[in-house]
Each structure stands twice: as C-alpha cells, then as structure tokens.
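A.B. asks: For reference, the sequence and a predicted model appear below.
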Amino acid sequence: MAFIPTKPGTLLSPAPAVMVTCARAGERPNIITIAWAGTVNSDPPMVSVSVRPGRHSHPIIRDTGEFVVNLVGRELLKAADFCGVRSGRDTDKFAACGLEAVPAEGMSQAPAIAQSPVWLACKVRSALELGSHTMFIGEVVSAGVREDLSDPSGRFDFLKAGLVAYCHGEYAGLTRALGFFGFSVARPEVLKRRMNK
Ligand SMILES: Cc1cc2nc3c(=O)[nH]c(=O)nc-3n(C[C@H](O)[C@H](O)[C@H](O)COP(=O)(O)O)c2cc1C
C-alpha cells in the first residue's frame, strides 16, 4: 500500500469531543468544548485536557485548580459545537444552550452539566506548558452517570448515549459495537452470547 506524504500534524483520530465546565467565585460558570482530551492514568484515575492560554476558560481552570469533563451524546452535540465557537467572555453558554448546571461532588465551584451522559469532576494535579496549549492533568475525584443510560446490569450504555467523536473537523456518533475487550481470544459460546445481544 502506498502512502501520500502529508504534513506532520494532529491527525490522531477519533478524538473525544467533550464539554469542560469551570467556574470562578462570583462569575457565571463556563463551558469550553475540548477535543484534545485523554485518559492518562488508571490509578488514581486521571484525564488530561489541553487548553490554549487565550481561552476564557484557561485562567479559570488554572486559578481554581478544577474542572469537570462532561461527555457528549447526540442530544448535546449542537450545544457542544456552540460552546466551541463562542466565548464565555461575552456569552452565558449555559443559558444560550438551555443547559442546567448541577453541583459535582468534590468541586468547590465547577458544576457538571445535568444533560451530560457522564461527567468526571477533576482536581488539577499538574499543568504542562506544551507550546500552543497548556495540558491540565486532573485527578478524577467524583463522577456521575445518567441513570437512564445504564443497562439493566448497571453498566453505562454508550450506544444509547450516542457518544460523539471528533474526526478531522467533523463529528461522528457511536452507534454500533464492533467487539468487546478480549473478543479476539474469547470462547465461541462467549462470543455468541456477547455479540448477539
Ligand atoms: C470540536 C471542537 C474542539 C475543540 N477543542 C479544543 C481544544 O482541545 N483546546 C482548546 O483550547 N480549544 C478547543 N476548541 C475551541 C474552544 O472550544 C473555543 O475557542 C471556545 O470558544 C473557547 O471558549 P471560552 O473562551 O469560553 O473558554 C475546540 C472547539 C471545537 C468546536
């Protein structure tokens, strides 16, 4: 297979599209859409979000040392896009998108978004200046999963939530499971049970 040489860039895809919430005392809470986000440690659970210093959210996260990562399902996609093209400097994004801010355990200011399928409340453990972005690494100190998106066994149903990924400037929704962890070596009866669900 031949490859066309291309400019080195941020081609890693899909990236999660998430809505990161933050707040400072005496100011309205804000939402910034982030695609440069990832899981970076399991124990303790840690995630990263990379934020350009010019964003309204940047000094809020830096000064308060906390943020909430809200996953985006299909119902939130339009709001997520809006929160990625308008700044909290001049827009109340919660009000503009009709979203509700709810307290997140362990956070002193940053709220979660009530409509989000899953939220992760994080305390900043380190901030790396990488060039264009500051990577805030946060320890997940509490989390919430929307009740209506759990299956009967209590597992989060990501297909029902229609979680959204960001791929080269476009959004795509997860709608079909293609396998499960370890399916390549699973016994035939396990494969049958799990894949025919
Ligand atoms: C899909 C999408 C992904 C984005 N990812 C990032 C990101 O990873 N880091 C970042 O600093 N800005 C990112 N942005 C841009 C910010 O969300 C945007 O500049 C926003 O208006 C900043 O809001 P604020 O000024 O209220 O903080 C993204 C925007 C979109 C639409």
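C.D. replies: Looks like it came in fine. Numbers count the residues shown, from 1 in each chain.

A.B. asks: drop to CA atoms for contacts and neighbour counts, all remaining ones
C.D. replies: OK.

A.B. asks: In its sheet, which strands sit next to the helix or strand where residue 32 lies, and in what direction?
C.D. replies: Residue 32 belongs to strand 30-34 when assigned by DSSP states H and E. With DSSP bridges as the criterion, the sheet partners recorded for strand 30-34 are strand 18-22 (antiparallel).

A.B. asks: and the residue nearest the centre of the chain, bridged to which residues?
C.D. replies: The centroid of the chain falls nearest to residue 18 when counting by CA atoms, centre = their mean (3.1 Å). In this structure, residue 18 has the following beta-bridge partners (DSSP bridges): residue 34, residue 71.

A.B. asks: wait, it sits on residue 80?
C.D. replies: Yes: counting by CA atoms under 8 Å, residue 18 touches residue 80, with 7.4 Å between them.

A.B. asks: Common neighbours of the two, please.
C.D. replies: Among the neighbours of residue 18, those also in contact with residue 80 (CA atoms under 8 Å, 6 or more residues apart in numbering) are 33, 72.

A.B. asks: which residues touch residue 13?
C.D. replies: Applying CA under 8 Å, 6+ apart to residue 13 gives the contacts 166, 167, 168.

A.B. asks: again, but for residue 35
C.D. replies: Residue 35 touches 15, 16, 17, 18, 166, counting by CA under 8 Å, 6+ apart.

A.B. asks: Closest one to residue 117 out of those, please.
C.D. replies: The shortest separation between residue 117 and any of those is 10.9 Å, and it belongs to residue 18 (by CA to CA).

A.B. asks: Report the separation between that closest one and the ligand.
C.D. replies: Residue 18 sits 8 Å away from the ligand when distances are taken as CA to the nearest ligand atom, to the nearest Å.

A.B. asks: Setting aside sequence neighbours, what's the nearest residue to residue 133?
C.D. replies: Spatial nearest neighbour of residue 133, excluding adjacent residues (CA to CA, 6 or more residues apart in numbering): residue 52 at 4.3 Å.

A.B. asks: what are the phi and psi angles of the one you found?
C.D. replies: For residue 52, the backbone dihedrals are phi -70, psi 140 (criterion: degrees, to the nearest 10).

A.B. asks: That one is in contact with residue 130, isn't it?
C.D. replies: No: under the criterion of CA under 8 Å, residue 52 lies out of contact with residue 130, with a separation of 9.9 Å.

A.B. asks: Work out for me the element residue 152 sits within.
C.D. replies: Assigning secondary structure by DSSP H and E places residue 152 outside every helix and strand.
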